[in-house]
Each structure stands twice: as structure tokens, then as C-alpha cells.
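Student: Return a 3D structure for these sequence lines:
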Amino acid sequence: MAVLEVVSYPDERLKRVSDPVVQFDEALQSFVADLEQTMRASPGAVGIAAPQVGRLQRIVIVDVSSVINRNRTKEQQNSSSNGCMILINPEIARAEGRVVGREGCLSVPDFTGNVARAAAISLTAFDPAGRRHEYRCKGFEARAVQHEADHLDGLLFLDRLVSPRELFRRKIYRSI
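Tutor: Predicted structure coming up:
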């Protein structure tokens, strides 16, 4: 496994629509392992999408379990946790409710912003072996899945800010 280089805004690859995965083979499984390793090596990351490492395929990984266990915000406390979800060719079938929350992104490291997202979603996706799965997500997990799925359509959280004034410079904490 390898940690891959994360593409940063304004790289044009982040604005492109990704292609569906059609081959479920060892090469895909190897890439998914590298993608997950990259997410895990990024402090605070709960998700990553293939376009963020320059691969324009419809692959997303989301795992909010470490954040949910810390019970930070109300949205995170009331969140579902399906564990580590490897979502290939994900399709959101249903979206319910609306909630505004703060988002950040590995590809936009210096900023966060307030974005409105569905409070709960239902989706289908394939795993790396090509098996189809159905998921229900709510709260922070639903937000993370929607955020990562946007990358597959060439969208960043910057494109979904509730207003231009809702973009904030990320705080950087230094140890003394």
C-alpha cells in the first residue's frame, strides 16, 4: 500500500466528472487500498474520493466512526456509522431534510465553509468485488458521503457554500 499525493484546488482535475468503474479486478482493489491508506494518513480525514488523487473514477471511501465516537457536534452525535464504506459507482437514491454544517476538504486545505446538505440519504454502491450494497446514512455520515460524491461530479464544497461570506480560513494550531 502507498500514500498517494492529494490534488489541491484549483487543479482542473477536481472539476471533471469521473467515469464509472467497469472492471472489478486486482488493480481496482490495489488502488482502493492505496486510497484508504491515503485517507488514514491525513489527520482528521473522514473521506476521500478518487479524483482527489488524480484518478477520475467513481470511487469514494467514507469512515466517520472515529469522529462519531468522540461526540463532537449535535450532527455528529446523531449520526449513523456504517463503518468504513468503500463506495464504487455510488448513487444517492433518496435525500431527506436539510441541515447546514461546516465542511473542510483535503483538496482545499486552507479553508472551511458552511454548506447545506440533506440530513439523511439512501444510496446504492458496489464494493471492490463488484457486489451491490444499499446504505442508509444520517447526520454527519450523510454529509460526508454527499461531500465525497460531489467530487465524482467535479464539485467541491466551495461550489455549495450557503453564501460567499460562509468561507473561513482554517485555524492552524501549533504545539509549543
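Student: And the spatially closest residue to Ala95 that is not a sequence neighbour, how close does it get to Ser65?
Tutor: Leaving aside its sequence neighbours, Ala95 sits nearest to Ala118 (Cβ to Cβ, 6 or more residues apart in numbering; 3.6 Å). For glycine as for every other residue, the C-beta is placed from the backbone atoms N, C-alpha and C. Ala118 is 21 Å from Ser65, where distance means Cβ to Cβ, to the nearest Å.
Student: more neighbours, these two?
Tutor: Ala118 (19 against 14; other Cβ atoms under 10 Å).
Student: coming back round to it: quick one: residues contacting the residue nearest to Ala95.
Tutor: Ala95, Glu96, Gly97, Arg98, Val99, Ala142, Gln146 (Cβ atoms under 8 Å, 6 or more residues apart in numbering).
Student: Of those, keep whichever come out buried.
Tutor: With burial judged by 16 or more other Cβ atoms under 10 Å, the buried subset of the contacts of Ala118 is Val99, Ala142, Gln146.
Student: Longest strand of the protein, counting residues only.
Tutor: Criterion DSSP state E: the longest strand present in the chain is strand 85-96.
Student: So which elements touch it?
Tutor: helix 26-40, strand 59-62, strand 120-126, helix 140-152 (3 or more Cβ pairs under 8 Å, 6 or more residues apart in numbering; DSSP states H and E).
Student: Residues in contact with the helix or strand following the longest one: which ones?
Tutor: It stands for helix 26-40. Next helix or strand after helix 26-40 toward the C-terminus (DSSP states H and E): strand 47-49. Applying Cβ under 8 Å, 6+ apart, the set of residues contacting strand 47-49 from outside is 6, 18, 35-36, 38-39, 42, 59-64, 106, 144-145, 147-149, 151-152.
Student: Starting from strand 47-49, tell me which strands it pairs with and how they run.
Tutor: On the basis of DSSP bridges, the sheet neighbours of strand 47-49 come out as strand 59-62 (antiparallel).
Student: distance between the strand it pairs with and the chain's centre?
Tutor: 6 Å (Cα atoms, centre = their mean, to the nearest Å).
Student: got it, and stretch 91-99?
Tutor: With Cα atoms, centre = their mean, you get 15 Å for stretch 91-99.
Student: circling back to that earlier point, quick check: the residue nearest to Ala95 vs Phe126, distance?
Tutor: Look at Ala118 and Phe126: by Cβ to Cβ, they are 22 Å apart.
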